[in-house]
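In: predicted model, plus sequence, below.
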Amino acid sequence: MSIDYAAVDSPHVSKATYLISQTFRYEYPQPVTHLNHRLMVIPPEQFGDQRRLRHQLSIALAGVRFDTRQDDFGNVVVDVVAPRVPSAIEFVAEVSVERHAGQPNRVGRSAQNGYLLEPTRLTQPDDRIRRAAEEMAASAPWGLDLADRINDWVYQSMTYQVGATGVRTTAAEALALGLGVCQDYAHVMLATCREARLPARYVSGHLVGQGGTHAWVEVVLPVGDGSDEAIAWAFDPTHAARGGLGHVTIAVGRDYSDVAPTSGTYQSPVAGRLTSRKSVTVTHLE
């Protein structure tokens, strides 16, 4: 049974269960060979207040080999190898997860260092981002207050527009355009947070009620109780909001390139065509 999440008084929901169905289909005008593909469509078994209940991945092509592994960020990665694809290959993933409200996502304090503070090619700051980070860091206390300021600033600085940017567009380029989609909003926030010395990471997942894969940011801050733990706080700059129960996490990383849902290579002089479908159904609420 599916539930209309839009009609639910979400602040009073303590637990939600979701069924995610996602399909990627690649079609080629002639056979391709040596296909090596990477899928990141299955969430970790446990991620903060989120728990994976079950999952299934099917690949509609004979002779395909696939292996599941964990990457350096704790994400579930499926590597697919196909010696030959005559005309098409289709990946279908079904995942059931539940989320519990009010349970913070605790991570090790060591996660505050390293990649969370270092810019990547996609999140390298330019002068405008540096100035904005400096101004906001001077006017807001370090921590959640500063993260809220940056989240709002990114939202105010951008207009959502499909097709204006691509997966290789950098944060500085998207900000200069003032246009982009959720991954661009996330990249701009990451670049600004890291320049302001706020440890942050990119999150790929789903937002209930939206059609495509969604992206947001987690700012990782110490608990403050003397322990070796920190809390990853979710921010959604595309909507100028904190992450909520309707955000379902699939993977985390430095930027989009670490967590692209589908990517790969093959040998052929022709280009393939990708079509995709996705649905997120609310199956239980408490």
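Out: That came through fine.
In: spit out the contact partners of Val280.
Out: Val280 makes contact with 18-20, 206-209, 248 under the criterion CB atoms under 8 Å, 6 or more residues apart in numbering. C-beta here means a position set from N, CA and C on the backbone, and glycine is covered the same way.
In: tell me the buried residues within those.
Out: The neighbour-count test (16 or more other CB atoms under 10 Å) marks 18-20, 206-208, 248 as buried among the contacts of Val280.
In: buried ones in stretch 31-49?
Out: Of the residues in stretch 31-49, those with enough neighbours to count as buried (16+ other CB under 10 Å) are 32, 35, 37, 39-44, 47-49.
In: again with stretch 245-264
Out: Burial within stretch 245-264, assessed by neighbour count using 16+ other CB under 10 Å, is assigned to 245-256, 258-262, 264.
In: still on that earlier bit, specify which member of the buried ones among the contacts of Val280 is nearest to Ala137.
Out: Each of those was scored against Ala137 by CB to CB, and Leu207 proved nearest at 28.7 Å.
In: how far away is the closest one from His214?
Out: Counting by CB to CB, to the nearest Å, the separation of Leu207 from His214 is 4 Å.
In: shared neighbours of those two, which are they?
Out: Counting by CB under 8 Å, 6+ apart, the common neighbours of Leu207 and His214 are His247.
In: leaving out sequence neighbours, find the closest residue to Thr170.
Out: Leu122 (5.3 Å; CB to CB, 6 or more residues apart in numbering).
In: check Tyr28 too.
Out: Of all residues beyond its chain neighbours, the one nearest Tyr28 is Gly272 (4.7 Å), with distances taken as CB to CB, 6+ apart.
In: in terms of contact, does that neighbour touch Phe24 like I think?
Out: No - taking contacts as CB atoms under 8 Å, Gly272 lies outside contact range of Phe24: 11.0 Å.
In: hang on, the earlier thing: what's around the residue nearest to Thr170, how many residues?
Out: In terms of burial, Leu122 registers 25 neighbours under the definition other CB atoms under 10 Å.
In: three-state assignment of it?
Out: Put simply, Leu122 is coil when judged by DSSP: H, G, I helix; E, B strand; the rest coil.
In: pLDDT weak spots in this structure?
Out: Across the chain, residues meeting the criterion (pLDDT under 70) sit at 1-10, 108-113.
In: run the last query once more with 50
Out: Counting by pLDDT under 50, the low-confidence segments of the chain come to 112.
In: ok, the residue nearest to Tyr28 - contacts?
Out: Contact criterion CB under 8 Å, 6+ apart gives 26-28, 32, 266 as the residues in contact with Gly272.
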